[in-house]
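Colleague: Let's see this in three dimensions:
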Amino acid sequence: MPKKSAIKTSLFAAEEREQKLNRKGDLLFTLNQHVNFVALAAEIDHIAPRPSDKRGGRPPYPTELMVRVLVLQHLYNLSDEALEYQLLDRLSFQRFCGLRHSSTIPDANTLWVFRERISAAGGADALFDAVQRQLQQHGFIARGGQIVDATLVEAPKQHFHKEEKALLEQAATPVDWTPAQRRQKDTEASWTKKHSKSYHGYKLSISADRKYKLIRKRHISTAKEHDTNHFEAVLDRSNTSRDVWADKGYEDQSREQRLNQGSWRLHIQHKAKKGKPPSDCQKRRNTRIARPRARVEHVFGSICAMGGKAIRSIGLARAVFGLSIKAAVYNLRRLCSLKEGGVVPI
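Modeller: Predicted structure coming up:
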């Protein structure tokens with residue numbers, strides 16, 4: 001007598017699997033519950049209206065669908081080609097984007113065109129600000145002060161000859177470069193050193209509120225620019241507290257005096273000078289600052305898990321767009337964690 005198989009067939013197998021996935025805590029299902037993608041799409045349509053389909057051909061995909069696809073890309077750190085494959089293969093992606101019964105899906109070229117179009121129109125700022133408004137609608141306003149910090153984001157390494165470097169430093173382009181070389185050479189990313197290790201790319205500076213660990217302000221620059229240059233650019237003036245924490249890289253006595261006079265309460269660690277070790281009082285102060293300041297490392301850890309410590313794009317403009325969207329997607333993911341964790345805004 002043949003043994004019974006553990007595999008059971010059912011006409012409702014797909015629905016049963018989805019229900020089990022929901023019970024196990026599917027992040028995409030949670031995003032669907034707490035994020036208003038219609039509102040995000042409306043912001044994009046406002047600054048970059050969809051192309052007209054009067055000329056014929058295949059009509060453009062709905063903006064809401066493309067925003068969802070963009071969120072997936074940054075949530076899982078996928079290239080355009082990898083995302084196209086996952087949309088064809090992965091049922092949870094299809095369900096999130098409303099493509100379960102669609103015979104077509106956005107391909108890699110469609111995503112690239114959408115991203116370039118909204119980037120040129122200021123889509124990064126529009127999406128980031130729209131996410132901020134949704135955080136406030138859920139009650140998660142900036143509270144408890146803020147932590148300012150920066151992290152290096154590596155870009156594809158570039159190799160230039162000595163003569164090419166000299167021209168690039170003068171904001172000129174070598175005449176013998178082919179059009180393909182001009183497109184593929186990143187002349188804006190820069191080199192810097194951190195802990196005696198060299199890095200090539202850009203720098204993401206952020207301000208995160210201490211209460212909820214949500215990114216409230218961000219600034220993207222080349223890697224060689226010092227963190228302290230962007231301290232005031234990322235200060236969040238909407239925070240209910242005037243306390244600001246930062247590490248020793250932001251120490252600047254003249255700026256601290258000026259901001260303290262403007263009602264800010266700065267908690268910046270002391271940086272020891274060569275030949276002059278910090279006093280016991282300064283060590284104790286640094287230790288007191290270290291604990292609240294360390295909360296920003298949780299933010300960078302999550303961004304790193306989403307692939308945000310490296311980019312595939314070339315040029316500062318694309319780095320600004322990609323890292324701004326990455327910060328917005330981090331906030332959406334953090335919002336889901338707060339809501340699912342039962343955190344009640346105070």
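Colleague: where does this protein dip in pLDDT?
Modeller: Within the chain, the segments meeting pLDDT under 70 span 1-6, 10-12, 25, 53-57.
Colleague: biggest helix in it by residues?
Modeller: helix 316-340 (DSSP state H).
Colleague: how about the strands of the stretch 51-200 of the chain, start to end?
Modeller: Listed in chain order, the strands of the stretch 51-200 of the chain (DSSP state E, counting those that start in this stretch) span 146-154, 190-194, 197-209.
Colleague: Now render those strands as JSON lines, adding mean neighbour count.
Modeller: All C-beta spots, glycine's among them, are computed from the backbone N, C-alpha and C. Formatted as JSON lines, the strands of the stretch 51-200 of the chain follow (neighbours: other Cβ atoms under 10 Å):
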{"stretch": "strand 146-154", "mean neighbour count": "23"}
{"stretch": "strand 190-194", "mean neighbour count": "14"}
{"stretch": "strand 197-209", "mean neighbour count": "22"}
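Colleague: how about the ones you listed, which one is nearest residue 27?
Modeller: Nearest of those to residue 27, taken as Cβ to Cβ: strand 197-209 at 20.6 Å.
Colleague: That closest one: partners in the sheet, and parallel or antiparallel?
Modeller: Strand 197-209 has these partner strands in its sheet, going by DSSP bridges: strand 146-154 (antiparallel), strand 190-194 (antiparallel), strand 215-222 (antiparallel).
Colleague: So which residues make contact with the second one?
Modeller: With contact meaning Cβ atoms under 8 Å, 6 or more residues apart in numbering, strand 190-194 is reached by 152, 198, 199, 200, 201, 203, 222, 223, 224, 225.
Colleague: farthest pair in these?
Modeller: Using Cβ to Cβ, the pair of the contacts of strand 190-194 lying farthest apart is 198 and 225, separated by 15.8 Å.
Colleague: Tell me which stretches of the stretch 51-200 of the chain form helices.
Modeller: All helices of the stretch 51-200 of the chain, identified by DSSP state H, counting those that start in this stretch, fall at 63-76, 80-89, 91-97, 108-120, 123-137, 162-169, 179-184.
Colleague: Using CSV, lay out those helices together with mean neighbour count and distance to residue 144.
Modeller: What follows is the helices of the stretch 51-200 of the chain, written out as CSV (neighbours: other Cβ atoms under 10 Å; distance: least, Cβ to Cβ, whole Å):
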stretch, mean neighbour count, distance to residue 144
helix 63-76, 22, 26
helix 80-89, 16, 36
helix 91-97, 19, 32
helix 108-120, 17, 33
helix 123-137, 19, 14
helix 162-169, 12, 44
helix 179-184, 10, 45
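Colleague: Of all those helices, which one comes closest to residue 273?
Modeller: Distances from residue 273 to each of the helices of the stretch 51-200 of the chain were compared using Cβ to Cβ; the shortest belongs to helix 162-169, at 31.5 Å.
Colleague: Would you mind putting the helices of the stretch 51-200 of the chain into TSV with distance to residue 323 alongside?
Modeller: Rendered in TSV, the data for the helices of the stretch 51-200 of the chain read as follows (distance: least, Cβ to Cβ, whole Å):
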stretch	distance to residue 323
helix 63-76	10
helix 80-89	17
helix 91-97	23
helix 108-120	12
helix 123-137	8
helix 162-169	23
helix 179-184	20
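Colleague: Out of these, which is closest to residue 330?
Modeller: Of all the helices of the stretch 51-200 of the chain, it is helix 63-76 that lies closest to residue 330, at 8.5 Å by Cβ to Cβ.
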